[in-house]
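>>> Got a predicted model here, sequence first, then my questions.
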Amino acid sequence: MEAATAADDIDEVLEGEGQDEDEDGADWFQVSKHGFEVSEDDDDDITLQGPAYSGHTGQRAPQHTADRAYFGEETWGVSARQRSAEIQPAQLARYQLPVLRSEVDLATWLGIPLSRLRWYTHDRPAERTWHYVRYAVPKRSGQGERVILAPRRELKALQRKVLKGIVAKVPVAATTHGFVAGRSTLSNASEHAGKGVVLKLDLKDFFPSVTFRRVRGLFTALGYSYAVASVLALLCTEYDRQPFERSGEQYYISVGPRHLVQGAPTSPGLANLVAWRLDRRLAGLASKRGFVYTRYADDLTFSGEDAEAAARLGAAAARIIADEQFTVNAGKTRLLRRGGRQTVTGLVVNASPATPRELRRRLRAILHNAARDGLDAQNREDRGHYAAYLGGLIAYVGSANPSHGDVLRRQFRRLVTPRE
């Protein structure tokens, strides 16, 4: 499963159209110049230290051997030692995060009864009621599918509150362009325009690689107690589940570890924060070797002038990626030289970023034919919400090529505006 982006749609539209490890940052990362620092011995053993904890003893979050947290009536299954992990108000204040000292505080902040919060975060291997709707979107290439787990309405509203009130307040790395306000595929591609060589890497199963434990570790590093961090992590992660029938009853059985899912509004922001140290290390590696680095969701891009140096950099980057518990999708690695077409997040970057001619030509043909035969007749892939899909592609063209975008937008509006 991948993190779907606008660039993925562009790549699918164009399918078949012819077309050293760095020591710096190896042990530590920080969210901002004066931000938090985290040292991880493993996924679940985190020490808070550094400038953000001046005078603090570096209290270690307690280990929790099970990946599940079964919550009972009084303790929610969190041991006395785990409950003793203290909240860090100064750390929360640094990012203006809400001070939530207990699960009761969290429920109150979310605006729901405690019993309702427990219902959403009770971690069971078998569920009769699933809080998500699972569906798969086939890739146009015919190779695999994107699995979407869409949270049901109330859970989605709760996740949006966590996103707005906590996750979105924490700054991300300057090299991160995906799902960040004020940044886009265009800002990402612009960093690599006019370079001699572009190296593109893809992270395999980006969201599933960010497990419950990693998300919980992030919330504790932000200053929340272990217990509250556990509940927040449960609220924002889920298992892959398979339907199972027993004695006429339908169950949904958990498969694999709990992780971020594509479809939850909190997943992109949490993944960006968990990948902070990865971004910092790769940016340091690139800088030392005379390259530029950016990341847009699961798409990693390096650019510079020397193809041989780019190949060596790719090998070193792969080691850092593995060390940070992510995986390179080797089949999607690309080394693009100046002599051929260089694309980054769907935009051609040989000179100033521009949308590919094939995309503009295809959109013009679709709109021309739709004026004669109707928009539905052009939906050969039977996409849901086809008009919205086309509108998104046109907006994408306009972001890099405003004049072309304006022409396409006017044609599109004539098609979708009801006639009197």
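Everything's here; your move. Residues are numbered from 1 along each chain as shown.
>>> what's Arg101 in contact with, if anything?
Arg101 is in contact with 87, 225, 228, counting by Cβ atoms under 8 Å, 6 or more residues apart in numbering. Backbone N, C-alpha and C define where each C-beta goes, glycine included.
>>> ok, the second one touching Ile87?
If I follow you right, that is Ser225. Yes: with contact defined as Cβ atoms under 8 Å, Ser225 and Ile87 form a contacting pair (4.7 Å).
>>> Could you report the distance from Arg312 to Ala286?
12 Å (Cβ to Cβ, to the nearest Å).
>>> so what are the domain limits for the chain?
Following automatic domain parsing, the chain resolves into domains at 38-171+210-265, 357-416.
>>> average model confidence for the last one?
If I follow you right, that is domain 357-416. For domain 357-416, mean pLDDT is 86.
>>> Distance from the chain centre to it, please.
27 Å (Cα atoms, centre = their mean, to the nearest Å).
>>> Tell me where the model's unsure across the chain.
Scanning the chain for pLDDT under 70 picks out the ranges 1-85, 138-143, 418-420.
>>> May I ask you to name the longest strand in it?
Ordering each strand of the chain by length in residues (DSSP state E) puts strand 249-259 first.
>>> just checking, next helix/strand downstream of the helix or strand where Leu390 lies?
Secondary structure from DSSP states H and E places Leu390 in helix 386-400. Counting by DSSP H and E, the next helix or strand C-terminal to helix 386-400 is helix 402-416.
>>> Out of the domains of the chain, which is the most enclosed?
domain 38-171+210-265 (a mean of 17; mean count of other Cβ atoms under 10 Å).
>>> nearest spatial neighbour of Ala371, skipping sequence neighbours?
Leu415 (6.6 Å; Cβ to Cβ, 6 or more residues apart in numbering).
>>> Next up, the contacts around that neighbour.
For Leu415, counting by Cβ under 8 Å, 6+ apart, the contacting residues are 367, 370-371, 375.
>>> can you pull out the strands in the stretch 51-200 of the chain?
Taking DSSP state E, counting those that start in this stretch, the strands of the stretch 51-200 of the chain run over residues 126-127, 132-138, 145-151, 197-202.
>>> With Thr417 as the reference, measure out to the closest residue to Ile394 other than its chain neighbours.
Of all residues not flanking Ile394 in the chain, Leu408 sits nearest, at 4.6 Å (Cβ to Cβ, 6+ apart). Going from Leu408 to Thr417 by Cβ to Cβ gives 15 Å.
>>> Next: Pro243.
43 Å.
>>> ditto for Ala275
In terms of Cβ to Cβ, Ala275 sits 42 Å off from Thr417.
>>> Look at these two and report which has more neighbours.
Set Ala275 next to Thr417 and count neighbours by other Cβ atoms under 10 Å: Ala275 wins out with 27 against 8.
>>> of all the contacts of Leu415, which comes closest to Glu145?
Leu375 (25.2 Å; Cβ to Cβ).
>>> That closest one touches Ala388, doesn't it?
No: judged on Cβ under 8 Å, Leu375 makes no contact with Ala388 at a distance of 11.3 Å.
>>> is it true that Asp240 lies in a strand?
Yes: the assignment for Asp240 is a strand, going by DSSP: H, G, I helix; E, B strand; the rest coil.
>>> List the beta-bridge partners for it.
Asp240 forms beta bridges with Val255, as assigned by DSSP bridges.
>>> That one reaches Arg258, doesn't it?
No: counting by Cβ under 8 Å, Asp240 sits too far from Arg258 to count as a contact (9.3 Å).
>>> Out of the strands of the stretch 51-200 of the chain, the one nearest Asp299 is which?
Nearest of these (Cβ to Cβ): strand 197-202, 6.1 Å.
>>> The closest one pairs with which strands, and in what direction?
In the sheet containing strand 197-202, its partner strands are strand 299-304 (antiparallel), strand 334-337 (antiparallel), by DSSP bridges.
>>> could you redo those as CSV and give each row mean neighbour count and distance to Leu149?
As requested, the strands paired with strand 197-202 are exported to CSV (neighbours: other Cβ atoms under 10 Å; distance: least, Cβ to Cβ, whole Å):
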stretch, mean neighbour count, distance to Leu149
strand 299-304, 24, 21
strand 334-337, 15, 29
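>>> Output these in TSV; the columns should cover distance to Leu100.
TSV is the format used below for the strands paired with strand 197-202 (distance: least, Cβ to Cβ, whole Å):
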stretch	distance to Leu100
strand 299-304	34
strand 334-337	44
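>>> Just to check, Thr266 is in contact with Cys236?
Yes: counting by Cβ under 8 Å, Thr266 touches Cys236, with 4.5 Å between them.
>>> Need the overlap of contacts for these two.
Counting by Cβ under 8 Å, 6+ apart, the residues touching both Thr266 and Cys236 are 159, 162, 260.
>>> gap between the second one and Tyr132?
Which is Val162. Distance from Val162 to Tyr132, by Cβ to Cβ: 16 Å.
>>> go on, the first one?
Between Gln159 and Tyr132 the distance is 11 Å, computed by Cβ to Cβ.
>>> Could you do the last one as well?
Distance check for Leu260 against Tyr132: by Cβ to Cβ, it reads 12 Å.
>>> How about Asp205?
From Asp205 across to Tyr132, the span is 18 Å (Cβ to Cβ).
>>> Point me to the helix or strand that includes the one residue sitting closest to the centre of the chain.
By Cα atoms, centre = their mean, the chain has its centre lying nearest to Pro268, at 2.9 Å. Using DSSP H and E, Pro268 falls within helix 267-274.
>>> who touches that helix?
Here helix 267-274 makes contact (Cβ under 8 Å, 6+ apart) with 3, 31, 163, 167-168, 170, 172-173, 176, 178-180, 206-207, 210, 214-215, 218, 236, 260-261, 297.
>>> tilt between that helix and strand 249-259?
Interaxial angle, helix 267-274 versus strand 249-259 (axes from the mean of the first three to the mean of the last three Cα atoms, to 10 degrees): 30 degrees.
>>> so after helix 267-274, what's the next helix or strand?
Where DSSP H and E defines the elements, the next helix or strand beyond helix 267-274 is helix 276-288.
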